[in-house]
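Enquirer: Need a 3D model of the following:
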Amino acid sequence: ALNIVIHPIQRKNMIACIYIPNRRSSFFKLIRLILLYLCFATFVFPFSCFAQTSEGIGKLTNVIGKVEVIRSGKTLTAEKDFVLQEIDEVVTFDKTAIKITFNDGSNLMAFQNARLKLAEYKVKAKAENVNDVKSAIDIVKGKVRFFVKPQEENESGTGKTDAKFKTSNSVMGIRGTSGFIDESVPGNTQIVVTTGTVQVTSIADPSKSVLVPANLFTEVVGNKAPKITKTVPPAV
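Expert: As a prediction, the model looks like this:
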């Protein structure tokens with residue numbers, strides 16, 4: 001038999017050598033766990049909080065019939081008070097009419113078999129109770145009635161409104177006005193202005209545009225320039 005005698009001090013040092021690596025390993029595992037948690041909190045929590053607290057750009061304040069909203073590739077069934085987000089696509093069906101009220105007080109009505117894309121909506125605070133509003137809506141098809149709320153003037157100044165509607169062949173610049181846009185027939189856009197003025201431009205030839213005042217009508221057919229304004233035809 002081989003008897004090995006270990007001095008008490010040596011025995012204590014050996015035990016320390018055995019446990020120190022384990023303690024270090026546990027310590028580094030804890031650090032890694034904390035870092036992973038911080039990464040998770042940084043990248044995941046902000047998006048979750050935003051999705052839950054965001055008020056959107058407006059909502060559906062009236063719905064008759066069936067309407068769907070396409071968001072990030074997903075199709076959602078929408079009802080009254082449904083909150084809309086920038087880049088949402090709104091689709092209506094037969095015997096359907098909806099009203100969208102935006103955060104700045106502007107509104108838009110879309111009728112049956114329409115498709116709209118809320119391409120852009122930005123509100124920038126300029127001063128107390130004064131905002132600059134920038135919006136762009138693509139009318140893929142269908143008929144809409146629009147009302148763009150003008151910015152009110154007060155002691156802090158006046159906000160600016162930059163609203164645009166776009167169809168397959170035209171762009172309309174709108175500032176504090178109302179009217180109707182109809183592109184039920186692809187490549188044929190009809191515009192009726194009821195208040196204010198609208199500048200209508202052909203996408204095919206941006207150098208050609210017309211200014212349409214209240215109670216007048218124009219249309220853009222194919223790649224042609226907008227027609228000269230005239231009183232609204234009875235058929236329209």
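Enquirer: next SSE after the host helix or strand of T194?
Expert: Taking DSSP states H and E as the definition, T194 sits inside strand 188-195. Remark: after strand 188-195, the chain's next helix or strand is strand 198-202, criterion DSSP H and E.
Enquirer: Output the contacting helices and strands for the helix or strand just after that following strand.
Expert: Helices and strands here follow DSSP H and E; after strand 198-202, the next one along the chain is strand 209-212. Where contact means 3 or more C-beta pairs under 8 Å, 6 or more residues apart in numbering; DSSP states H and E, strand 209-212 is packed against strand 198-202. Every C-beta, even on glycine, is put in place using the N, C-alpha and C of the backbone.
Enquirer: Which residues belonging to the strand it packs on are considered buried?
Expert: 198, 200-202 (16 or more other C-beta atoms under 10 Å).
Enquirer: Going along the chain, name the helices of this structure.
Expert: All helices of the chain, identified by DSSP state H, fall at 8-53.
Enquirer: show me what contacts the residue positioned nearest the centre of the chain?
Expert: The centroid of the chain falls nearest to E86 when counting by C-alpha atoms, centre = their mean (0.4 Å). Going by C-beta atoms under 8 Å, 6 or more residues apart in numbering, E86 touches 57, 118-121.
Enquirer: pLDDT wise, what is it at?
Expert: For E86, the model assigns a pLDDT of 96.
Enquirer: Please apply the same query to V236.
Expert: V236 is given a pLDDT of 84.
Enquirer: Quickly list what N131 is bridged to.
Expert: On the basis of DSSP bridges, N131 is bridged to A125.
Enquirer: K80 is in contact with N62, correct?
Expert: Yes: here N62 reaches K80: they are 6.5 Å apart, a contact under C-beta atoms under 8 Å.
Enquirer: can you list residues touching both of the two?
Expert: By C-beta under 8 Å, 6+ apart, N62 and K80 have no common neighbours.
Enquirer: my read: V236 touches I191, true?
Expert: No: V236 lies out of contact with I191 (C-beta under 8 Å); the separation is 9.9 Å.
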